[in-house]
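>>> Sequence and predicted structure are below.
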Amino acid sequence: MKKPVALSIAGIALLAVLVWLLWPGGTDGATTAQAASARHTVHLRVDQPKTGLNSFDVEVTDPLGHPAEGLEVTVEPVMAQMGHALEPVTAAARAPGRYHAAETLLPMSGQWEITVRLRDLTGTEELVFPLLVGN
């Protein structure tokens, strides 16, 4: 193998290790994701997603980054490949722009889609987050 090729492979391997070590989300096992619509940005967090009951924390901000208030927030798990669509869970307001959906059932491991629905006087928005659930 020629020296430039070997150095390129070593560089790519080093970059992959650095990305893996520095990837956001910490070491606490939490899964976090962010999505935005025209009116809101939503941060979704679930601690160690697993089969069974899970709790979701939802943070909602307006386009200027201020906490979004006066919303009805629901979390709806869907596993499209298996045809599972579960009842939406209403997230309770904890603080301005912060909501918590406790005891949200994910009955099996695999790839889920979590739909966060935001409803206020001006209408309804839905943001969909992929979530991989282990055992």
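Okay, I see it. Residues are numbered from 1 along each chain as shown.
>>> Low-confidence bits of the chain, can you list those?
1-2, 4-28 (pLDDT under 70).
>>> Quick one: the helices in it, in order.
Under the criterion DSSP state H, helices of the chain are mapped to 3-22.
>>> Isn't residue 80 up against residue 115?
No: look at residue 80 against residue 115 with C-beta atoms under 8 Å: they stay out of range, at 11.0 Å. C-beta here means a position set from N, CA and C on the backbone, and glycine is covered the same way.
>>> the more surrounded of these two?
residue 115 (15 against 10; other C-beta atoms under 10 Å).
>>> I'd like to know how far the more buried one sits from residue 135.
With distances taken as C-beta to C-beta, to the nearest Å, residue 115 is found 23 Å from residue 135.
>>> Repeat that for residue 109.
5 Å.
>>> Overlap of the contact sets of the two?
50, 51 (C-beta atoms under 8 Å, 6 or more residues apart in numbering).
>>> more crowded one of these two?
Remark: of residue 109 and residue 135, residue 109 carries more neighbours, 14 against 7, as counted by other C-beta under 10 Å.
>>> just checking, that one touches residue 82?
No: under the criterion of C-beta under 8 Å, residue 109 makes no contact with residue 82, lying 10.8 Å away.
>>> Any idea how many residues pack against residue 50?
By other C-beta under 10 Å, neighbour count at residue 50 equals 14.
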